[in-house]
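J.: Got a sequence here, can you model it:
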Amino acid sequence: MTDNHQVRLAARPNGLPTPEVWEHTTEPVPTPADGRFVVRVTHLSLDPAMRGWMNAGRSYVPPVGIGEVMRALGAGRVVASAHPDFPEGAHVTGMFGVQEHAESDGSGVLVVDPTVVPLATYLAVLGMTGMTAYFGLFDVGALREGDTVVVSGAAGAVGSVVGQLAKIKGCRVVGIAGGAEKCAWIVDELGFDAAIDYRSEDVGRALRTHAPDGVDVYFDNVGGDILDAALARLARGARVVICGAISTYNATERPQGPANYMSLLVNRARMEGFVVFDYADRYADAAAELGGWLREGKLRSREDVVRGGVADFPETLLRLFRGENTGKLILQIAD
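T.: Residues are numbered from 1 along each chain as shown. Predicted structure coming up:
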């Protein structure tokens with residue numbers, strides 16, 4: 001086997017992660033002990049949550065430690081095994097980190113079939129992306145047929161799935177995205193009813209046009225001013241789903257809270273955050289339903305795949321924060 005190239009967290013970033021935040025290291029590929037196996041990682045999932053994992057302090061998972069391999073979901077193939085449930089040649093997904101080879105005892109690892117859908121799709125609609133959209137919209141958002149649903153980051157990994165799921169359930173869907181190309185994609189290809197380009201439109205005014213009777217479910221991926229604009233348009237009994245706040249992740253000063261939060265009181269609405277890991281015991285049921293919609297053509301998965309090596313991870317990650325990805329951003333480091 002070859003050497004194992006890795007990317008480790010060398011320092012906690014202040015603002016956007018700069019090259020100095022990362023350390024590029026090389027170690028021998030491990031030989032698995034009994035009950036363990038080694039995966040050749042081929043695909044790395046790039047997610048906005050990674051930025052939060054770099055920060056010190058209390059969160060829903062411990063921060064990545066200084067000197068540790070950067071945390072990342074990945075997919076790949078078992079190349080050496082001393083574990084009966086993960087034979088050599090099996091394709092798997094799991095939290096493998098930003099490295100070419102990962103050793104595991106099987107905790108949190110799933111065997112997948114790349115002959116059914118491409119391996120990258122298991123990191124997208126059939127992975128944490130799909131799970132996040134599914135449980136955030138249906139459980140936290142308590143979606144009902146006929147709802148008016150607004151989703152921010154609508155051309156991103158989670159947002160694009162949220163809008164499609166809401167359409168499957170008979171809702172009116174308005175997506176907020178950046179740029180004419182992304183707005184056209186979510187309407188023309190994904191079937192959203194309307195799109196708002198936050199780069200060229202006044203979001204508050206556009207929401208009054210596209211959601212004249214108010215917003216029943218607002219699925220938030222960005223936070224900031226767009227969250228505030230959505231709060232001002234809530235319908236009676238609305239549900240605001242807090243999935244992420246990518247607009248604030250690299251802020252160097254503490255972001256201001258929403259100014260329009262009293263709309264929650266006036267409209268008897270609720271705003272609730274969630275973490276997808278809390279639904280782990282239901283992933284299989286969600287994946288079965290998502291997979292069915294995928295086979296029927298009711299749901300599309302778009303993977304924005306960048307080919308490169310492990311060393312390309314830091315620069316590829318920045319594409320998320322520059323809004324350069326459409327769909328699920330994935331770094332493919334091997335075939």
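J.: what's the first-to-last distance across stretch 15-22?
T.: End-to-end distance of stretch 15-22 (C-alpha to C-alpha, to the nearest Å): 14 Å.
J.: Any stretches of this protein with poor pLDDT?
T.: Scanning the chain for pLDDT under 70 picks out 1.
J.: can you do 90?
T.: Along the chain, the model assigns pLDDT under 90 to residues 1-2, 57-58, 251-257.
J.: So what touches the lengthiest helix in it?
T.: In the chain, assigned by DSSP state H, the helix with the most residues is helix 283-296. Here helix 283-296 makes contact (C-beta atoms under 8 Å, 6 or more residues apart in numbering) with 117, 121, 125-126, 130-131, 134-135, 168, 279, 299-301. Using the backbone N, CA and C atoms, a C-beta is placed for each residue, glycine as well.
J.: Specify which member of these is nearest to Arg268.
T.: Closest approach to Arg268 among the contacts of helix 283-296 (C-beta to C-beta): Phe135, at 23.5 Å.
J.: Output whatever helix or strand the closest one lives in in CSV with nothing but the alpha carbons.
T.: Using DSSP states H and E, Phe135 falls within helix 128-135. Presented in CSV, the C-alpha positions along helix 128-135 are these (Å, rounded to 0.1, in the frame of the first residue of the first chain):
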residue,chain,number,x,y,z
MET,A,128,-26.5,13.1,5.6
THR,A,129,-27.7,15.7,3.2
GLY,A,130,-30.9,13.8,2.5
MET,A,131,-31.4,12.9,6.1
THR,A,132,-31.0,16.6,7.1
ALA,A,133,-33.6,17.8,4.6
TYR,A,134,-36.0,14.9,5.4
PHE,A,135,-36.1,15.2,9.2
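J.: counting contacts, what elements does that helix pack onto?
T.: helix 157-168, helix 283-296 (3 or more C-beta pairs under 8 Å, 6 or more residues apart in numbering; DSSP states H and E).
J.: Quickly compare the ones you listed and say which is most buried.
T.: Mean neighbour counts were compared across these using mean count of other C-beta atoms under 10 Å; the top stretch is helix 157-168, at a mean of 27.
J.: tell me the angle that one makes with helix 283-296.
T.: Angle between the axes of helix 157-168 and helix 283-296 is 70 degrees (criterion: axes from the mean of the first three to the mean of the last three C-alpha atoms, to 10 degrees).
J.: Quick check on the contacts of helix 283-296: which are buried?
T.: Among the contacts of helix 283-296, those buried by neighbour count (16 or more other C-beta atoms under 10 Å) are Val117, Thr121, Val125, Leu126, Gly130, Met131, Tyr134, Phe135, Tyr279, Leu299, Ser301.
J.: And the first one, how far from Glu303?
T.: The reference is to Val117. Separation of Val117 from Glu303 (C-beta to C-beta, to the nearest Å) stands at 10 Å.
J.: The fifth one too?
T.: Gly130 sits at a distance of 12 Å from Glu303 (criterion: C-beta to C-beta).
J.: Repeat that for the fourth one.
T.: Leu126 sits 11 Å away from Glu303, going by C-beta to C-beta.
J.: Check the third one too.
T.: Between Val125 and Glu303 the computed distance is 9 Å (C-beta to C-beta).
J.: How far does the longest helix of the chain sit from its chain's centre?
T.: 17 Å (C-alpha atoms, centre = their mean, to the nearest Å).
J.: helix, strand or coil for the residue nearest to Trp22 when sequence neighbours are not counted?
T.: Distance criterion C-beta to C-beta, 6 or more residues apart in numbering; nearest residue to Trp22, sequence neighbours excluded, is Pro314 at 5.0 Å. Judged by DSSP: H, G, I helix; E, B strand; the rest coil, the three-state class of Pro314 is helix.
J.: before we move on, back to that, the helix or strand just after the helix holding Phe135 pairs with which strands, parallel or anti?
T.: Going down the chain from helix 128-135, the next helix or strand is strand 148-152, by DSSP H and E. If you go by DSSP bridges, strand 148-152 pairs up with strand 172-177 (parallel), strand 215-220 (parallel).
J.: In the sheet, which residues pair with His24? Tell me.
T.: Val7.
J.: Is it in contact with Gln6, as I believe?
T.: Yes - using C-beta atoms under 8 Å, His24 is in contact with Gln6, at 7.4 Å.
J.: what is in contact with the two at once?
T.: Counting by C-beta under 8 Å, 6+ apart, the shared contacts of His24 and Gln6 are Val310.
J.: between these two, who's got more neighbours?
T.: Gln6 (22 against 15; other C-beta atoms under 10 Å).
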